[in-house]
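> got a predicted model here, sequence first, then my questions.
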Amino acid sequence: MVENNTIPFNGTPEQHEKLMAAIEKYKGTKGALIPVLHEAQEIYGYLPIEVQKTIAEGINVPLSEIYGVVTFYTQFVTQPKGEYRFAVCLGTACYVKGAGAIIDRIKERIGVEVGTCSADGKCSLDATRCIGACGLAPVLTVNDDVYGKLTLDDVDAILDKYLK
Amino acid sequence: MNLVRSHVLVCGGTGCTSSGCEKLIKEFDVQLAKAGIDKEVKVVKTGCFGLCALGPIVIVYPEGAFYSMVKEENIEEIVNEHLLKGRIVTHLLYDESVHEGEEIKPLNEIDFYKKQMRIALRNCGVIDPENIDEYIAFDGYKALGKVLTEMTPEEVIAVVKESSLRGRGGAGFPTALKWEFAAKQPKGQKFVCCNADEGDPGAFMDRSILEGDPHCVIEAMTIAAYAIGSNQGYIYIRAEYPIAVNRLQKAINQAKEYGLLGDNIFGTDFSFDLEIRLGAGAFVCGEETALMTSIEGYRGEPRPRPPFPAVKGLWGVPTILNNVETYANIPQIILNGAEWFKGIGTEKSKGTKVFALGGKIHNTGLVEVPMGTTLREIVEEIGGGIPDGKKFKAAQTGGPSGGCIPTSLIDTPIDYDSLTKIGAMMGSGGLIVMDEDSCMVDIAKFFLEFTVDESCGKCAPCRIGTKRMLEILEKITSGNGTVEDIENLKDLANTIKSSALCGLGQTAPNPILSTLKYFEDEYMAHVVEKRCPAGACKDLLSYVIIADKCKGCTICAKNCPVNAISGEVKKPFVIDQDTCIKCGVCEGKCPFKAIVRQ
C-alpha cells in the first residue's frame, strides 16, 4: 500500500520525548505493542510511518509486524484527522433512523469523502462503529461533542456552527 | 456522618452524558448551595437507568420522583419547589409516572419497568459506580467473601453448573463447563479474561454494566479465578467506551486499596490481579480466540478450535473467557443459590437477559427481562410500541450474526433455543425494531457491509464469500438483480455458513438467510418488478406529485436542491425524474401531502 500523506510529518521534540517515555513504560510487558500504539496515537493524533519506526526500534518488534497491526485495527489511523473531526455513527439503530442521509449531507457540505481530511486540515469525516448511544439515534459526534436525535435540519445548523 | 434527607440520582451513562448530565450536576450543586440545603441533599451520579430516550434522567428519593428530559434551566425549579418546599414538580415528571390524581407511581409500576427483572443490572442507576462503599452496602463482595472462606473451588463450579447459567455473549455455551475444563488442567499459570469488546452494533448492555456497576464484574472475575486456580486476569474492553474504561480503572484501584484484589484477598492465601487491555476497533476481536491473539499484541485473527481456550488459551495456557453480562450474574448466583436462579426463565435458558431496545420504538434503552418473555411483551408493553402510528414489521436480534423475527412470530418466547430455531440468534442482546419503512434487503445489505468491512481476511469463505454476497445484494437493491441471483445468494450463504473458520464468518450469512426465509417476496419485488416495497432503496424509487392534491404553491420547487421541479403558480407542478436526486426534501416540505414515493 502506498502512503500518500498529504500533510508531511512534523513531530516535535516534546512529542518524541513522551513517546520514548511510553515505550519505556511498557518495555518488557507481555503484549506491549497495542498499549504503546494507543499512547502514541494519543500523543501524535495518528500513527505515521516515522512513529511506527521509532516504536519498532524501541520495543524491538519488526516494523512489518507493527504496520500489520496498525492497519488491522480501525482505531489506529495513519492519516491525520482534521481540527474538527465529524463522525457519524453507523450502528444499526442509527442506520435504521437515517444515519445514511446524514453522512451524505455532511459529505456534500464539507466536501470530503468518508475517512479523509480536507486539504486545509480543518475537517475530517468518519463513519464510526456503534458508539453505544443507541437511545439517541441517529448520532453525530464532532470532536468530543455528541449530537443526538438528529434531523437533516439539525445537521445543517451544527455544520454552520463549525464551518463559519 | 452527615444525615442526608434527600438523594438526587442523576444518570451518568453514555446516553445521558451525551444529553448533558454533567451540566445538570453542576447546576444542582450551584442551586442547592444557593438554597442553603447542600448539606441535606446529596447528588449522586449513577449508572444507566435504561430509559435512554428520555435522558437526561434525574430521580429524587425518598419520593422516587422520575424527572425526564431535564434541562439545565429546570434545576432551579426542582431545587426550590421539590427539595426545599417538598412540592414535586409534576410538569417535569415522566408522563407515565404520574397517576391521574397527580400522585406519582412507584418506578416498578411504570410500563417500562413493570415486566423487567433486574439481576445483571440490579445496581445500575442505584449506586454511585465510582464509590466502592456503595457497592459493598448493596451486598458487594459478599459473594467473594463467602467463596473464599466457606467454599472449595469445586463447590463454586458446582453451584454455577447447577444454576445452568449460559454465556450471555451470544452462543449461549454453559459457563460452568468452561470453568470446569480450565480447572481440570494441571496446576500452573492460568488466566481469567472478560470479553468487554461489545462489537454488535446496537448492543450496549455490557457498557452499561461496566459504567453502572463495575465492581460486580471485578468480584465475579475474582470468584472465577478462585474456581479455576488463576492469579491474573485481563478485561478486554473497547477503546470506544471511554467512560466505562475510566470507571473500571477506578474500581480496580479501589478494590486493590481495600484488599479485595491483589495479594492475600480476605486474608486467605488466594491472590488475584486484574489488568485492562484496550481494544482498537476490530469486530472480530469479540471472537474468543481473536480476542486473546489481540491481548498478546498481534493482529486479532482467530485460530482454529480445538484446542479450546480452556486448554490452550492466552499465551498458550488454560484460559477462561466470559462476557460482562455473564459475570454480572455470578455474585447473585453465589449469594442466592442455584435454585433461585433456576426458578427464573425457561427450561433450557435460565435467568434473565438484557436487551438493548433500539430502532423504531418509543422507549429506546436497556431492558432486562426473564428468559421466555415474548417479543410482543418487549416491543409493545415495555417498549411502548412503534412511533408515528406505523406498523411493526420485524425485529432484528443478534446484530450482524443474527436474523429477523417477522410479525407472524412476534409471540415467540425469547430464549437461546427458540431464537436459533426460527433462524435468528440471541447474540449479545441487541434488539432493533423495524417498521414498514424499513426494507429487508437493504437491512441485509447493511449487515453485509459491516461483515465485509470487519472480516479479518484469514479464511477465504469469509474474506471472499461475504464480498460476493454483498455484490449480489447491491445488484438487487440497484434494480439489476435477477431471480438467479437469489438462488446464488442462498448457495453462497449455506457454503460460507459451513466452511468459515470462526463465528464471525459462520454467522455472517444469517441476516441474508433469515430475511430470505421470511421476506422472500420483498426480494422478488426488487428483482422482478424492480420495486422496493418499503420505499427505502433509492435506485428503485421515484417521487411524483399527485396533480389533484397539488395547489401549485411553489414550496417544493423552491426547496428542491437540484431544481428538478417546475410548473406554473397555482397549477400542478411536475418533477423531472432525470434531474431528481431522490433526496426527499420536497416530500417533507409539501403542506398538502401531494408528493409521494413510488
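In hand now; what should we look at? Numbering: from 1, shown residues only, chains lettered A, B, ... in the order given.
> close to chain A: what parts of the stretch 351-500 of chain B are there?
Contacts of the stretch 351-500 of chain B with chain A, taken as Cβ under 8 Å from any Cβ of the partner chain, map to B:356, B:358-360, B:364-365, B:396, B:399, B:430, B:432, B:434, B:438, B:443, B:446-447, B:456. In short, each C-beta sits where N, CA and C put it, glycine included.
> and the helix or strand hosting residue B:222, what's buried?
Here residue B:222, judged by DSSP states H and E, is contained in helix B:214-228. Across helix B:214-228, burial judged by 16 or more other Cβ atoms under 10 Å in any protein chain shown covers B:214-228.
> which among these gets closest to chain A?
residue B:214 (15.6 Å; Cβ to the nearest Cβ).
> helix or strand: which one has residue 42?
The chain I'm using is chain A. Per DSSP H and E: helix A:33-44 holds residue A:42.
> actually chain B
Element membership for residue B:42 (DSSP H and E) is strand B:41-46.
> now the element after that strand, going C-ward?
Next element after strand B:41-46 (DSSP H and E): strand B:58-61.
> distance from the chain centre to stretch A:94-113, please.
17 Å (Cα atoms, centre = their mean, to the nearest Å).
> low-confidence stretches in the chain?
Went with chain A since none was named. Along chain A, segments meeting pLDDT under 70 span A:1-7.
> my question was about chain B
In chain B, residues with pLDDT under 70: B:1-2, B:100-102.
> who touches the following helix or strand past the helix holding residue A:42?
Counting by DSSP H and E, the next helix or strand C-terminal to helix A:33-44 is helix A:49-59. With contacts defined as Cβ atoms under 8 Å, 6 or more residues apart in numbering or on different chains, helix A:49-59 is touched by A:3, A:9, A:11, A:16, A:19-20, A:23, A:26-27, A:32-33, A:36-37, A:40, A:44, A:61-63, A:66-67, A:70, A:78.
> out of those residues, which are close to chain B?
A:32, A:33, A:37.
> who does the helix or strand hosting residue B:396 touch, helix- and strand-wise?
Using DSSP H and E, residue B:396 maps to strand B:392-397. When contacts are defined as 3 or more Cβ pairs under 8 Å, 6 or more residues apart in numbering or on different chains; DSSP states H and E, strand B:392-397 sits against strand B:403-406, strand B:430-435, helix B:440-454, helix B:510-527.
> could I get these as CSV with distance to residue B:29 and mean neighbour count?
Listed next are the helices and strands packed on strand B:392-397 as CSV, based on distance: least, Cβ to Cβ, whole Å; neighbours: other Cβ atoms under 10 Å in any protein chain shown:
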stretch, distance to residue B:29, mean neighbour count
strand B:403-406, 46, 25
strand B:430-435, 36, 26
helix B:440-454, 43, 23
helix B:510-527, 48, 21
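> hmm, back to that, list only those of the contacts of helix A:49-59 flagged as buried.
A:19, A:23, A:26, A:32-33, A:36-37, A:40, A:44, A:61, A:66-67, A:70, A:78.
> which one of the residues you listed sits closest to residue B:514?
Nearest to residue B:514 among those: residue A:70, at 35.8 Å, using Cβ to Cβ.
> so that closest one, which state does it fall into?
For residue A:70, the assignment made with DSSP: H, G, I helix; E, B strand; the rest coil gives helix.
> what is the burial count for residue A:15?
Neighbourhood size, residue A:15 [other Cβ atoms under 10 Å in any protein chain shown]: 15.
> you'd agree it is up against residue A:46?
No: contact status for residue A:15 versus residue A:46: not in contact, 11.7 Å apart, counting by Cβ atoms under 8 Å.
> which SS class is residue B:461?
Going by three-state DSSP: residue B:461 is helix.
> the one 5 residues further on now?
Applying three-state DSSP to residue B:466 yields a three-state assignment of helix.
> all helices of the stretch 101-250 of chain B, in order?
B:111-114, B:132-137, B:142-150, B:153-163, B:175-184, B:205-212, B:214-228, B:242-257 (DSSP state H, counting those that start in this stretch).
> and if you look at chain A?
A:13-26, A:33-44, A:49-59, A:63-72, A:92-96, A:99-110, A:152-163 (DSSP state H).
> repeat for the stretch 451-598 of chain B
Going by DSSP H, counting those that start in this stretch, the stretch 451-598 of chain B shows helices at B:460, B:466-477, B:483-499, B:503-507, B:510-527, B:555-559, B:585-589.
> excluding chain neighbours, what is closest to the residue in chain A that chain B sits nearest to?
Distance from chain B to each residue of chain A (Cβ to the nearest Cβ) is smallest for residue A:135, at 2.5 Å. Nearest non-adjacent residue to residue A:135, counting by Cβ to Cβ, 6 or more residues apart in numbering or on different chains: residue B:52, 2.5 Å away.
> how far away is the one you found from residue B:381?
With distances taken as Cβ to Cβ, to the nearest Å, residue B:52 is found 18 Å from residue B:381.
> name the residue in those two with the higher neighbour count.
Neighbours of residue B:52 and residue B:381, each counted by other Cβ under 10 Å, are more numerous for residue B:52; the result is 32 against 16.
> so residue B:352 sits right up against residue B:345, yeah?
Yes: assessed by Cβ under 8 Å, residue B:352 is found in contact with residue B:345 at 7.1 Å.
> may I have the beta-bridge partners of the closest residue to residue B:584 other than its chain neighbours?
Residue nearest to residue B:584 in three dimensions, not counting chain neighbours: residue B:543, with 7.1 Å by Cβ to Cβ, 6+ apart. Note on residue B:543: beta-bridge partners by DSSP bridges are residue B:597.
> could you measure residue B:543 against residue B:97, distance?
Relative to residue B:97, and taking Cβ to Cβ, residue B:543 is found at 42 Å.
> in what helix or strand does residue B:369 lie?
Going by DSSP H and E, residue B:369 is part of strand B:365-370.
> quick one, that strand and helix B:205-212 angle?
In terms of direction (axes from the mean of the first three to the mean of the last three Cα atoms, to 10 degrees), strand B:365-370 departs from helix B:205-212 by 100 degrees.
> so what touches strand B:365-370?
A:135, B:15, B:48-53, B:112, B:115-121, B:124, B:204-205, B:208, B:344-345, B:351-357, B:377-378, B:382-383, B:414.
> strands - which of the residues you listed land there?
Judged by DSSP state E, strands contain the following of these: B:352, B:353, B:354, B:355, B:356, B:357.
> how many residues are close by residue 13?
Assuming you mean chain A. Neighbour tally, residue A:13, other Cβ under 10 Å: 7.
> my bad, chain B
Count around residue B:13 with other Cβ under 10 Å applied: 34.
> how near is it to residue B:61?
Taken as Cβ to Cβ, the span from residue B:13 to residue B:61 is 18 Å.
> one more: residue B:570?
62 Å.
> residue of chain B closest to chain A, please.
residue B:52 (2.5 Å).
> how close does the closest residue to residue B:406 other than its chain neighbours get to residue B:434?
Spatial nearest neighbour of residue B:406, excluding adjacent residues (Cβ to Cβ, 6+ apart): residue B:518 at 4.2 Å. Residue B:518 sits at a distance of 12 Å from residue B:434 (criterion: Cβ to Cβ).
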